[in-house]
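Undergrad: need a 3D model of the following:
(2 chains)
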There are 2 protein chains.
Amino acid sequence: MDILKKRILEDGIVLEGNILKVDSFLNHQIDVGLLDEMALEFRRLFNCEKITKILTVESSGISVACAAGRVFGVPVLFAKKGNSRTLSESTYREESYSFTKKESYVMNVSKKYLSASDTVLIIDDFLANGLAIDALLGIVGQSGARLAGVGIVIEKAFQQGGKKLREKNIRLEGLAIIASMTNGKITFKE
Amino acid sequence: MDILKKRILEDGIVLEGNILKVDSFLNHQIDVGLLDEMALEFRRLFNCEKITKILTVESSGISVACAAGRVFGVPVLFAKKGNSRTLSESTYREESYSFTKKESYVMNVSKKYLSASDTVLIIDDFLANGLAIDALLGIVGQSGARLAGVGIVIEKAFQQGGKKLREKNIRLEGLAIIASMTNGKITFKE
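TA: As a prediction, this is how the structure comes out:
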């Protein structure tokens, strides 16, 4: 998605530990118009599926998932991290680990909102090691829902997350796929 | 906003400690169409102001703020909780406390994205004791930006947050204002 790649090259900052900072339009300040363009692109890429629900995880996935929910015309569901007092009923629960925050956490999705009758599109902002997506896949698996695929805004192809998903024959679409970020220079995969 | 009040009465669950659970359409599963209606209502209520930025705090505020950002045609900025590795530069920083999670936390907003040239509309899902909004107001104050007002989806008028803001002559608009939730029965303020 050229408009997104251009923005990443203009605004993205490469930090130590292979972290790409896109705080000016995605992870802190949000360019809502760009979100809408991304959502239309996801719709184009996943156009053969009768998707019934968009699934993401708080926090950075929510904005993209909501834009997608609008375009697909379906509800958005975001997995909650930790043990919320307002999520006391029975949940699908998975453990994950954040390399950015260097901490383990649990993800919860209420059983009320995801079931075997759903066809789910997982949406998230980044795919690197893929641990957050693994946990979301675990939740979809527990629910018995059908998985339409995984839509990612920025995939870091030099980390293992994308490779692992494709090996499982999971349909994965990244809007911008980064081949390398060596010495702070971002190169996209063609 | 009648469509919202109706949804709260149909789907809202009152928990111990004056917690209102609206997980079916706002805080876990999200009804994107309803978000868009809320955003239009915020636009109608804050129509005299030349707003340049929507400010909220992660996580539950993000979906509503993004819907508002789309309608107002301005960027959304969400305060980050805790100390993120991707937010290392200079930030406006405020402390707050979550009664739901029973824990203190810090909120950060990068100085790059908020300045004295901005006119800010603060958006959040709930207003109860008002501590999260106080912290956001502190951030706006530090930045020197002009405050257009505070837009809230659900205000609990029997708690002190709204009263405190109105005493400070801050323009506050709640789309659904709850007068009481005694014995699990939700009554709206007229």
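Undergrad: which one is the residue nearest in space to the middle of chain A nearest to, not counting chain neighbours?
TA: Central residue check for chain A by C-alpha atoms, centre = their mean: the C-alpha nearest the mean position is that of A:Asp124, 1.2 Å away. Closest residue in space to A:Asp124, ignoring its immediate chain neighbours: A:Gly61 at 4.5 Å, by C-beta to C-beta, 6 or more residues apart in numbering or on different chains. No exception for glycine: its C-beta is placed from N, CA and C like everyone else's.
Undergrad: and for that neighbour, the neighbour number?
TA: Per other C-beta atoms under 10 Å in any protein chain shown, the neighbour tally for A:Gly61 reads 27.
Undergrad: also the one 10 residues further on?
TA: Neighbour count of A:Val71, defined by other C-beta under 10 Å: 17.
Undergrad: can you give me the mean pLDDT across the longest strand seen in chain A?
TA: As assigned by DSSP state E, the longest strand anywhere in chain A is strand A:146-156. For strand A:146-156, mean pLDDT is 98.
Undergrad: where does the residue nearest to the centre of chain A land on pLDDT?
TA: Value listed for A:Asp124 in the pLDDT field: 98.
Undergrad: hmm, back to that, name the helices or strands packed onto the longest strand of chain A?
TA: Helices and strands touching strand A:146-156, as assessed by 3 or more C-beta pairs under 8 Å, 6 or more residues apart in numbering or on different chains; DSSP states H and E, comprise helix A:2-11, helix A:32-45, strand A:119-127, helix A:131-143, helix A:161-167, strand A:172-180.
Undergrad: does chain B sit close to the last one?
TA: No: residues of strand A:172-180 are not located near chain B by C-beta under 8 Å from any C-beta of the partner chain, the shortest gap being 15.5 Å.
Undergrad: by contact count, what packs against that strand?
TA: So strand A:172-180, by 3+ C-beta pairs under 8 Å, 6+ apart, packs with helix A:2-11, helix A:32-45, strand A:146-156, helix A:161-167, strand A:187-188.
Undergrad: partners of the third one in the sheet?
TA: The strands that strand A:146-156 pairs with in its sheet are strand A:119-127 (parallel), strand A:172-180 (parallel) (by DSSP bridges).
Undergrad: and the shortest one, by the same measure?
TA: Looking at strand A:187-188 with DSSP bridges, its partner strands are strand A:172-180 (antiparallel).
Undergrad: mind listing what's buried in the strand it pairs with?
TA: A:Leu172, A:Glu173, A:Gly174, A:Leu175, A:Ala176, A:Ile177, A:Ile178 (16 or more other C-beta atoms under 10 Å in any protein chain shown).
Undergrad: how near is the second one to A:Ile3?
TA: A:Glu173 sits 16 Å away from A:Ile3 when distances are taken as C-beta to C-beta, to the nearest Å.
Undergrad: ok so, going back, the residue nearest to A:Asp124 touches A:Asp125, doesn't it?
TA: Yes: counting by C-beta atoms under 8 Å, A:Gly61 touches A:Asp125, with 5.6 Å between them.
Undergrad: ok but A:Asn108 is inside a strand, no?
TA: Yes: counting by DSSP: H, G, I helix; E, B strand; the rest coil, A:Asn108 is found in a strand.
Undergrad: I'd say it and A:Leu77 touch.
TA: No: under the criterion of C-beta under 8 Å, A:Asn108 is not in contact with A:Leu77, lying 11.1 Å apart.
Undergrad: now A:Asp23: which helix or strand?
TA: A:Asp23 is part of no helix or strand, with elements assigned from DSSP states H and E.
Undergrad: near chain B, which residues of chain A are found?
TA: A:15, A:17, A:19, A:21, A:23-24, A:27-33, A:35-36, A:58-59, A:62-63, A:66-67, A:69-70, A:75-78, A:80, A:82, A:84-88, A:100-101, A:109-110, A:112-113.
Undergrad: now those: which count as buried?
TA: Buried among the residues of chain A next to chain B (16+ other C-beta under 10 Å): A:19, A:21, A:23-24, A:27-32, A:35-36, A:58-59, A:62-63, A:66-67, A:69-70, A:75-78, A:80, A:84, A:86-87, A:109-110, A:113.
Undergrad: pLDDT weak spots in chain A?
TA: Chain A contains residues with pLDDT under 70 at A:84-89.
Undergrad: is it true that A:Leu26 touches A:Asp124?
TA: No: A:Leu26 is beyond contact range of A:Asp124, at 11.2 Å (criterion: C-beta under 8 Å).
Undergrad: shared neighbours, those two?
TA: A:Ser60, A:Val64, A:Val153 (C-beta atoms under 8 Å, 6 or more residues apart in numbering or on different chains).
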